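Colleague: here is my input, please return the structure:
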Amino acid sequence: MFFRRSAGKTATGGVSPPLREPPAEGVSRLINAGGRVALAVLQELAGSLSAAEFTAFLRRPVLAGSGILEGTLGGPGRGGSPALNRTVLFQPAEQAAGGVLASESLRTAIYPLVKGVHAAGREDLFSVGRAAGCDFIVPDPAVSKEHARIEIRSDGVRLQDLGSTNGTWVNGRRLEGAPVALKDRDLVSFARCGFHLLEPASLHAMLQPPPDPPAALLDEPDQS
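Modeller: I've put the predicted structure just below:
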């Protein structure tokens, strides 16, 4: 999963700019056309808001990028044509260490389970796929155009595969048929693209800077 931020520093080592006030509309104002929110913005907000304030700002869980499963991409999964708009078959590696390899773009992808201010459709239903019309656009050739659906219910979050070529997985188990319930920190994979479902409080904790080392360790003389 994404790295924790360093206190007062940007990813390039510079000093972080002054934090903007969070939008009054909540996270929906920050969501782009692909359903994502910039990780850097959430990092800054997590550093200035309490866990309760951050939870109220997000309102719902997020899908946080985890990585790309190691394996190979083959020919088109359906139709036989190598056209760019076709889903390609993915073959997982038999000896993939730990199951995932780091991918910078996915590792920092955050998809809140909230509709953006310009999004259409039901507020409790989210389509996942690589097609432009999806609520969560996952731009990977192994992901089907309409890959999966997420629904927010009164009793929690439900995930359903939509007959995708390379499958939807929860904690290593491929989904078949009916929707399944998700819980905090579940590993969700669309084809080879992995994410963790995180409640706002879990995301807030992960975005906190590491604690400073004890003063005694900083003052300890070099014994070498």
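
Colleague: so residue 57 touches residue 26, yeah?
Modeller: Yes: the pair residue 57 / residue 26 is scored as a contact, 5.5 Å apart, by CB atoms under 8 Å. C-beta coordinates here come from the backbone N, C-alpha and C atoms, glycine included.

Colleague: can you map out the helices along this structure?
Modeller: Assigned by DSSP state H, the helices in the chain fall at 39-48, 51-58, 104-107, 200-206, 215-219.

Colleague: now distance to residue 167 too, for those, in a markdown table please.
Modeller: As requested, the helices of the chain are exported to a markdown table (distance: least, CB to CB, whole Å):
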| stretch | distance to residue 167 |
| --- | --- |
| helix 39-48 | 27 |
| helix 51-58 | 28 |
| helix 104-107 | 17 |
| helix 200-206 | 25 |
| helix 215-219 | 48 |
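
Colleague: ok, what's across the strand from the residue nearest to residue 134 when sequence neighbours are not counted?
Modeller: Spatial nearest neighbour of residue 134, excluding adjacent residues (CB to CB, 6 or more residues apart in numbering): residue 127 at 4.5 Å. Applying DSSP bridges to residue 127 gives these bridge partners: residue 149.

Colleague: so who does residue 127 touch?
Modeller: 133, 134, 135, 136, 146, 148, 149 (CB atoms under 8 Å, 6 or more residues apart in numbering).

Colleague: and those, which are buried?
Modeller: 134, 135, 136, 146, 148, 149 (16 or more other CB atoms under 10 Å).

Colleague: how far away is residue 111 from residue 67?
Modeller: Separation of residue 111 from residue 67 (CB to CB, to the nearest Å): 15 Å.

Colleague: quick one: mean pLDDT over stretch 112-125.
Modeller: Taken as a whole, stretch 112-125 has a mean pLDDT of 92.

Colleague: what's in contact with that stretch?
Modeller: Taking CB under 8 Å, 6+ apart as the rule, stretch 112-125 contacts 25-29, 31-33, 35, 37, 58-63, 126, 135, 149-153, 157.

Colleague: CA atoms only: put the top strand by length along the chain into PDB for me.
Modeller: If you go by DSSP state E, the chain has its longest strand at strand 62-69. In PDB, the C-alpha atoms belonging to strand 62-69 read as follows (Å, rounded to 0.1, in the frame of the first residue of the first chain):
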ATOM      1  CA  VAL A  62     -12.400   4.200   0.100                       C
ATOM      2  CA  LEU A  63     -10.600   1.700  -2.200                       C
ATOM      3  CA  ALA A  64      -6.900   2.400  -1.700                       C
ATOM      4  CA  GLY A  65      -4.400   1.100  -4.300                       C
ATOM      5  CA  SER A  66      -2.400  -1.900  -3.300                       C
ATOM      6  CA  GLY A  67      -0.400  -3.000  -6.400                       C
ATOM      7  CA  ILE A  68      -0.500  -5.100  -9.500                       C
ATOM      8  CA  LEU A  69      -0.500  -8.900  -9.300                       C
END
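
Colleague: let the chain start at 546 from now.
Modeller: Happy to do that; since the first residue is 546 now, the last one works out to strand 607-614.

Colleague: that one: partners in the sheet, and parallel or antiparallel?
Modeller: Assessed with DSSP bridges, strand 607-614 is paired to strand 645-646 (antiparallel), strand 655-657 (antiparallel), strand 738-743 (antiparallel).
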